[in-house]
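Colleague: the sequence isn't on hand, but the structure is:
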């Protein structure tokens, strides 16, 4: 790459105001580029969208090549991984930015105010599937790099991008890829922006993520659907049976009733209770935002403790029999539920999937058979609050926002989080640029434009802060 | 109408062998006509099939007009009612044949071996939606009338046909219509063929039908779908809540746990227990046919007693959250179940719907709201075994089959059954021509051709037997 002009300043000496001025001057272009990215319906779980997912990868490869990165599309048995690298000096730390360019399915489509893959701006917010999770957030880092290069002609650290297309389906191919390329991906710090700050305008470093164990359970009765008049009172009913099984997954105190579920759980420490208590969180406001009269859960823990640091179990889907308009008097031959658990250290998806599966099978009502399929899992990941990377990142955020940084945990899962720690030996820092209200997996997903532009500034600040590790 | 030839015999003096010979001679034509009828996808619950339902009514009006009936299409706010009458003499009894030309939805389509509205014959069975329920059975009566007219030029009784297009959606418009036209529909006996004989080749008179109370329950939590990572542990989960509610609908002995559910139930008498005990019924064979290891139900009653004369409750459908391929980590904003109860005298749909609805609302878990919609209902109907109509019908069936007649009850519901008794003061006789194995509401519904042809003979025999009331 050739830089024809002498840079006005080294990246570490750049005035913060110059960074802000550059981002402000290029807002319209940044928004336009992100909108182009969001128009690509890269739904990784949908086999019919395979080529669209690939197109999203190519979009990123082009943008990163334009910034002087050495880029490569790493093929996998599933969707490709985007890898890009800009090496400055062997003496500088290396920062790897992880993100994902695949998105959740947009269904139910009828609940979107505008089509999910036609980005629209309303009230200072950008609406589209993937706007916040994770295209908007990862793209802020791409533009953070652009900003530093434009202002100083170089970067304060060696930068790598590792952007996958299978996060929403549990990253089935990324982990082996990281193992295989551990030298190439080597980094001192992994930066992940795929989540929310604790509250609007509140700089947040997240040091703990939950893990995930996700299963699908099928309950089967008669070999065919039956007339409920002819067979009611004798035919085993898979819906009734499945309901009984699901009802037995929690006890009356809200605790998960799967035997051994809590065996490996590291409980919240008194110090964490105190940190959590200081976090800006208002139970009544959350209940109002969700439109519910109560926020039920495990007894003995505050709502925030349950959200951030206690394992949970939820049904994510259920289906069986006649769901159409009107009334059909059928006893169906089968019914299905999707059930997932959010895990905390030291639970593992393998352990919990096995215990949940064994319990569901043991609950099978008379005359019904039960099958449990393991859909996917991810380990929980926690980074020490005292690590140098987390502290440096905290300073960078404080400089951008001019406010104290909140250190938090979250219930979200990024399966790759623990892998970066274990395989690369890197410190992993989660800097969520979105909001909990972004409707990450729901209709009308959005990303506040202020968070996009602030995110680009934050990215530039993080690269600068991490140069002095 | 003109009959150009002198009839060979009065309808009462016709040799039974002549009736059989006529039916045998015209089998191919009868099958062809019924197949034309079955090709019309008259799914009454589907608003997009409205014109097709009308087309099925017109098909019947044409066929009955061809037989010299005075026909009329009676309009309703929903689908039309076919009324046809052939009056012979004021001195003769009047027999009204009730049936329905609408059919259940065919879904799930992928489980049909051949398309549901393209009738196909395989192994002596006619496969199509409606083949048994109820197009095939009602059409047997049309052809029974044709047979008597062809052989004797007249009918032994005054005959009326009342054929509706809304049975599968609970006959919402028929009952007011019967009230309004009670003079016109007046009859001594109502014949209904819309069910099964007790076993293949086993002539069966059914003297009791269950009633029905059908509701749809919606459980709602947050105003929008939520990410289960971000909100798991605090957001009320409608699927989990609905499952708990459904699990509370039966106790551990298999009894329905809705308070007051059994208050009005007339229990099975010792005489009925004996009659039921003589019926040809094999629990092990049923379990094998259904492919299940057990036939669970209310403790203290045999399987047949539960099927025929005990009230039951079943979930007919359930849906909520993500049901597609793969894993979506969502806490849905709502979930829905369809729940129906089969009723026995003296339960009423109004009473049971109210009690079920009250109970479901009382079961609402913390943070969730519950809405119950009354979809439809029907009263149970029982005709005395000792009525002259039932006894005459029994003689007719015995003559056709040459075997003793089984007197039975069934779990099926024909909401109009009790109305004919109450409003017209008629004896109602149920003569099922199908089999329980016809898959009336399932994929691959069929009607054995032997039952079609035997049904036509049975119809002719019934009209003759009922002339001597």
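Modeller: Received it, and whenever you're ready, just let me know what you need. Since this is a predicted model, take the numbers as computed values, not measurements.
Colleague: quick one, helices of chain A?
Modeller: For chain A, the helices defined by DSSP state H occupy A:16-25, A:27-38, A:50-66, A:135-152, A:174-180, A:228-231, A:238-247, A:270-278, A:283-290, A:303-309, A:349-362, A:388-401, A:416-419, A:449-465.
Colleague: buried residues in the last one?
Modeller: Of the residues in helix A:449-465, A:449, A:451-465 count as buried by neighbour count, 16 or more other Cβ atoms under 10 Å in any protein chain shown. All C-beta atoms are positioned from the backbone trio N, CA, C, and that covers glycine.
Colleague: which ones are touching the residue in the stretch 51-200 of chain A positioned nearest to chain B?
Modeller: Distances from the stretch 51-200 of chain A to chain B, computed as Cβ to the nearest Cβ, single out residue A:169 as the nearest residue at 5.9 Å. Neighbouring residues of residue A:169 by Cβ atoms under 8 Å, 6 or more residues apart in numbering or on different chains: A:44-45, A:78, A:102, A:376, B:326-327.
Colleague: lowest-confidence entry in those residues?
Modeller: pLDDT across the contacts of residue A:169 is lowest for residue A:376, at 84.
Colleague: what does the model give the closest residue to that one other than its chain neighbours for pLDDT?
Modeller: Nearest non-adjacent residue to residue A:376, counting by Cβ to Cβ, 6 or more residues apart in numbering or on different chains: residue A:170, 3.0 Å away. Looking at residue A:170, its pLDDT is 83.
Colleague: quick check: end-to-end length of stretch A:405-416?
Modeller: In stretch A:405-416, first residue to last residue: 25 Å (Cα to Cα, to the nearest Å).
Colleague: where does chain A have low pLDDT?
Modeller: Along chain A, segments meeting pLDDT under 70 span A:1-8.
Colleague: do that again at 50, thanks
Modeller: A:1-4 (pLDDT under 50).
Colleague: got the domain boundaries for it?
Modeller: As assigned by automatic domain parsing, chain A contains the domains A:16-209+A:381-468, A:211-265+A:311-378.
Colleague: residues from the stretch 51-200 of chain A in reach of chain B?
Modeller: Contact residues, the stretch 51-200 of chain A versus chain B (Cβ under 8 Å from any Cβ of the partner chain): A:104-105, A:107, A:169-170, A:196.
Colleague: repeat the analysis, applying 10 Å as the threshold.
Modeller: A:104-105, A:107-108, A:111, A:133, A:168-170, A:195-196 (Cβ under 10 Å from any Cβ of the partner chain).
Colleague: need the max-distance pair from the residues you listed.
Modeller: Among these, the pair separated by the greatest distance (Cβ to Cβ) is A:111 and A:170, at 25.0 Å.
Colleague: most distant residue from the centre of chain A?
Modeller: residue A:230 (48.3 Å; Cα atoms, centre = their mean).
Colleague: for that residue, give its distance to chain B.
Modeller: According to Cβ to the nearest Cβ, to the nearest Å, residue A:230 stands 5 Å off from chain B.
Colleague: also residue A:361?
Modeller: The spacing between residue A:361 and chain B, counted by Cβ to the nearest Cβ, is 15 Å.
Colleague: wait, that residue sits on residue A:372?
Modeller: Yes - at 6.7 Å, residue A:361 and residue A:372 qualify as touching, with contact defined as Cβ atoms under 10 Å.
Colleague: more neighbours: which of these two?
Modeller: In this view residue A:361 and residue A:372 are compared by other Cβ atoms under 10 Å in any protein chain shown, and residue A:372 has more residues nearby, 18 against 14.
Colleague: give me every residue that touches residue A:356.
Modeller: Contact partners of residue A:356, counting by Cβ atoms under 10 Å, 6 or more residues apart in numbering or on different chains, are A:213-215, A:217, A:249, A:256, A:258-261, A:313, A:339-341, A:372, A:374.
Colleague: can you name the residues of the stretch 351-469 of chain A that neighbour chain B?
Modeller: Close to chain B, as judged by Cβ under 10 Å from any Cβ, the stretch 351-469 of chain A has residues A:365-369, A:375-377, A:410-414, A:434, A:436-445.
Colleague: filter those residues to the buried ones?
Modeller: Applying 16+ other Cβ under 10 Å to these, the neighbour count classes A:365, A:367-369, A:375-377, A:410-414, A:434, A:436-445 as buried.
Colleague: now the closest residue to residue A:149 other than its chain neighbours: how far from residue A:190?
Modeller: Closest residue to residue A:149 apart from its sequence neighbours, by Cβ to Cβ, 6+ apart: residue A:67 at 6.1 Å. Using Cβ to Cβ, to the nearest Å, residue A:67 is found at 20 Å from residue A:190.
Colleague: quick one: which of those two has more around it?
Modeller: Per other Cβ under 10 Å, whichever of residue A:67 and residue A:190 has more neighbours is residue A:190, with 26 against 20.
Colleague: could you measure from that one over to residue B:456?
Modeller: Distance from residue A:190 to residue B:456, by Cβ to Cβ: 79 Å.
Colleague: how near is residue A:48 to chain B?
Modeller: 11 Å.
Colleague: same question, residue A:352
Modeller: For residue A:352 relative to chain B (Cβ to the nearest Cβ), the value is 14 Å.
Colleague: swap in residue A:339?
Modeller: Residue A:339 is 9 Å from chain B, by Cβ to the nearest Cβ.
Colleague: related to what we said a few turns ago, residues shared between the contacts of residue A:361 and residue A:372?
Modeller: With Cβ under 10 Å, 6+ apart, residue A:361 and residue A:372 have common neighbours residue A:217.
Colleague: now for the closest residue to residue A:253 other than its chain neighbours: which residues touch it?
Modeller: Nearest non-adjacent residue to residue A:253, counting by Cβ to Cβ, 6+ apart: residue A:299, 4.2 Å away. Residue A:299 sits next to A:251-255, A:306 when contact means Cβ under 10 Å, 6+ apart.
Colleague: what's the answer for residue A:70, then?
Modeller: A:1, A:64, A:83-87, A:160.
Colleague: thought residue A:365 was touching residue A:219?
Modeller: Yes - under the criterion of Cβ under 10 Å, residue A:365 makes contact with residue A:219 at 8.2 Å.
Colleague: overlap in contacts, those two.
Modeller: A:236-238, A:240-245.
Colleague: reformat the residues you listed as a markdown table; add distance to chain B and neighbour count.
Modeller: Formatted as a markdown table, the shared contacts of residue A:365 and residue A:219 follow (distance: Cβ to the nearest Cβ, whole Å; neighbours: other Cβ atoms under 10 Å in any protein chain shown):
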| residue | distance to chain B | neighbour count |
| --- | --- | --- |
| A:236 | 6 | 27 |
| A:237 | 5 | 32 |
| A:238 | 9 | 28 |
| A:240 | 5 | 28 |
| A:241 | 9 | 27 |
| A:242 | 7 | 32 |
| A:243 | 4 | 31 |
| A:244 | 4 | 22 |
| A:245 | 8 | 24 |
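Colleague: wait, which of those is closest to residue A:288?
Modeller: residue A:243 (30.3 Å).
Colleague: for residue B:173, see how far away that closest one is.
Modeller: 34 Å.
Colleague: again with residue A:393
Modeller: Using Cβ to Cβ, residue A:393 is found at 69 Å from residue B:173.
Colleague: which one of those two has more residues nearby?
Modeller: Using other Cβ under 10 Å, the more surrounded residue of residue A:393 and residue B:173 is residue A:393, with 25 against 20.
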